[in-house]
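A.B. asks: next one to model:
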Amino acid sequence: MSKAQATRQNDALDFASLRADFPILEQQIHGCPLAYLDSAASAQRPRQVIDAVADYYRNDHANVHRGIHTLSQRATEAYEGARESLRRFINAASTKEIIFTRGTTEAINLVAQAYARPLLQPGDEILLTWMEHHSNIVPWQLVCEQTGAVLKVAPINDRGELELDAWEKLLGDKTRVAAFGHISNALGTINPVHELCAEARRRGIVTVIDGAQALPHVGVDVRSIDCDFYAFSGHKMYGPTGIGVLYGREEILQNMPPWQGGGEMILAVDFEKTVYNELPHKFEAGTPNIAGAIGLGAAVAYLENIGMERIAAHGYELMRQASVALLAVPGLRLIGTAENKTALVSFVVDGVHPHDLGTIADHHGVAIRTGHHCAMPVMERFGLPATARASFGIYSTAAEIDQLVAAVRHAKEVLG
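C.D. replies: As a prediction, the model looks like this:
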């Protein structure tokens, strides 16, 4: 996206009214206006999401799918309505392909245990990339330990971009799964997921995409991407915590065994055997996070009302402005300078530990994330213990970037 395109699309956003939707942003921290630049860790919630959850608890709370009374029917309608909203949002073919989970982490674990573990044999390979979040590493390590499969990792370059030639060379006759993030939470890099999935499909390799950072920032069409699995979390996209989604191709999900057993995922049970429920309920054992799903449906409606193209333009422009402003600080270095990136900047400052920088920033009212960002291999790749990360949401503004830069300059003066 060009700067001109981003500017034209951003003109249509009414930032003043948008920020007013987020009550948490009205407060001050240490006497300064709150500049919340930690949306990659967890985004804030608009009133529309808060109200949807509260309204459910005030008026409609009952267990879903299990009652003929009015409250149960209303709760079920709202819960399944949220599933349909999510199906539409990512352009899945059917609501059977939308599995509610606790988040991206649980979704990836579900794939690892219910799809990969029964399939893998000793010597089979799973291909990851060096930029993955721990949630897209540890589940695969566990399944390798359980099956004797082998983990392979594709390298990234000094800009934080996947080395595509090396990734393709690592795809071999024994590769069964290729798992990769859509957008890196530590670097902001946007991976070419269409190309990666096309190459994997050509070789008959199943693809699993960690989309936690993508859904809040870019439009996602799982049928266009042509992936087999796509996982994401509600709290990154302005919805409640404790709710997420696993998209899976219906034909693959049909052949997978359940991951967890209990109520709701069954049609019939006796002490001899169990008949499992139809999709998607086969993978949703127990009472679900009804309020979370309803809140996530409200978050989807909120994002759709703004428009994902405008949201993408906003994130890109803030990332560009922040990169230019921060690089004017002496001794500051950006970590992750991919040509195709969005919505966050990671950086280090000579003589200032990221944790100290985060503390000083907080006293300026600026909330940033410091540490390894659950991506320790990325830190290892760049020879760093940690970085500071400012990440942007739909409520973020250029004025908050100025507030961040002032805090970084103060930290440099005090500690650098």
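A.B. asks: any idea which helix or strand carries E84?
C.D. replies: Element membership of E84 [criterion: DSSP states H and E] is helix 70-90.
A.B. asks: any weak-confidence spans in this structure?
C.D. replies: 1-13, 15-16, 416 (pLDDT under 70).
A.B. asks: and the next helix or strand past the helix holding E84?
C.D. replies: Helix 70-90 is succeeded, C-terminally, by strand 98-101 (DSSP H and E).
A.B. asks: which strands or helices does that next one pack on?
C.D. replies: helix 70-90, helix 104-110, strand 244-248 (3 or more C-beta pairs under 8 Å, 6 or more residues apart in numbering; DSSP states H and E). (Glycine included, C-beta is placed from N, CA and C.)
A.B. asks: please name every helix or strand in contact with the helix holding E84.
C.D. replies: Helix 70-90 packs on strand 98-101, helix 290-306, going by 3+ C-beta pairs under 8 Å, 6+ apart.
A.B. asks: in the helix or strand encompassing M319, which residues are buried?
C.D. replies: Using DSSP H and E, the element containing M319 is helix 308-327. If you call a residue buried by 16 or more other C-beta atoms under 10 Å, then helix 308-327 has these buried ones: 308, 310-323, 325-326.
A.B. asks: and the next helix or strand past it?
C.D. replies: Immediately after helix 308-327, counting by DSSP H and E, sits strand 332-334.
A.B. asks: sheet-wise, list the partners of that following strand with their directions.
C.D. replies: Strand 332-334 has the following strand partners under DSSP bridges: strand 344-349 (antiparallel).
A.B. asks: who touches the strand it pairs with?
C.D. replies: 40, 185-188, 319, 322-323, 326, 329, 331-336, 354, 357, 373, 384, 387-392, 408, 411-412, 416 (C-beta atoms under 8 Å, 6 or more residues apart in numbering).
A.B. asks: show the buried residues in those.
C.D. replies: Neighbour counting with 16+ other C-beta under 10 Å marks 40, 185-188, 319, 322-323, 326, 329, 332-336, 354, 357, 373, 387-392, 408, 411-412, 416 as buried within the contacts of strand 344-349.
A.B. asks: next one: the closest residue to R74 other than its chain neighbours from G295, what distance?
C.D. replies: Counting by C-beta to C-beta, 6 or more residues apart in numbering, D60 is the residue found nearest to R74 once chain neighbours are left out, at 4.4 Å. Separation of D60 from G295 (C-beta to C-beta, to the nearest Å) stands at 13 Å.
A.B. asks: over to V143?
C.D. replies: 31 Å.
A.B. asks: same thing with V150?
C.D. replies: For V150, the distance to G295 - C-beta to C-beta - is 40 Å.
A.B. asks: who has more neighbours, those two?
C.D. replies: Using other C-beta atoms under 10 Å, the more surrounded residue of V150 and G295 is G295, with 29 against 15.
A.B. asks: how about that one, what does it touch?
C.D. replies: Neighbours of G295 in contact, by C-beta under 8 Å, 6+ apart: 45, 49-50, 52-53, 234, 239-240, 243.
A.B. asks: run the last query once more with 10 Å
C.D. replies: 45, 48-54, 56, 82, 234-235, 238-243, 289 (C-beta atoms under 10 Å, 6 or more residues apart in numbering).
A.B. asks: would you say A178 is within a strand?
C.D. replies: Yes - under DSSP: H, G, I helix; E, B strand; the rest coil, A178 sits within a strand.
A.B. asks: so what sits opposite it in the bridge?
C.D. replies: L127, T207.
A.B. asks: not counting sequence-adjacent ones, nearest residue to D350?
C.D. replies: G331 (3.5 Å).
A.B. asks: residue contacts, that neighbour?
C.D. replies: Applying C-beta under 10 Å, 6+ apart, the residues near G331 are 348-352, 412, 416.
A.B. asks: now do L71
C.D. replies: Taking C-beta under 10 Å, 6+ apart, one finds 59-63 in contact with L71.
A.B. asks: rerun at 6 Å
C.D. replies: Taking C-beta atoms under 6 Å, 6 or more residues apart in numbering, we find L71 in contact with 60, 62.
A.B. asks: quick one: it and G297, what's the gap?
C.D. replies: Between L71 and G297 the computed distance is 18 Å (C-beta to C-beta).
A.B. asks: again with Q321
C.D. replies: 32 Å.
A.B. asks: H363 too?
C.D. replies: Distance of H363 to G297, given as C-beta to C-beta: 38 Å.
A.B. asks: these two: which is more packed in?
C.D. replies: The neighbour count for H363 versus G297, taken as other C-beta under 10 Å, is higher for G297 (25 against 14).
A.B. asks: my guess is the more buried one contacts E80. True?
C.D. replies: No - contact criterion C-beta atoms under 6 Å: G297 and E80 do not qualify, at 9.7 Å.
A.B. asks: how about the closest residue in space to G262 that isn't next to it in sequence, phi and psi?
C.D. replies: What sits nearest to G262 in space, not counting adjacent residues and going by C-beta to C-beta, 6+ apart, is A285, at 4.0 Å. Backbone torsions of A285, given as degrees, to the nearest 10, read phi -70, psi 140.
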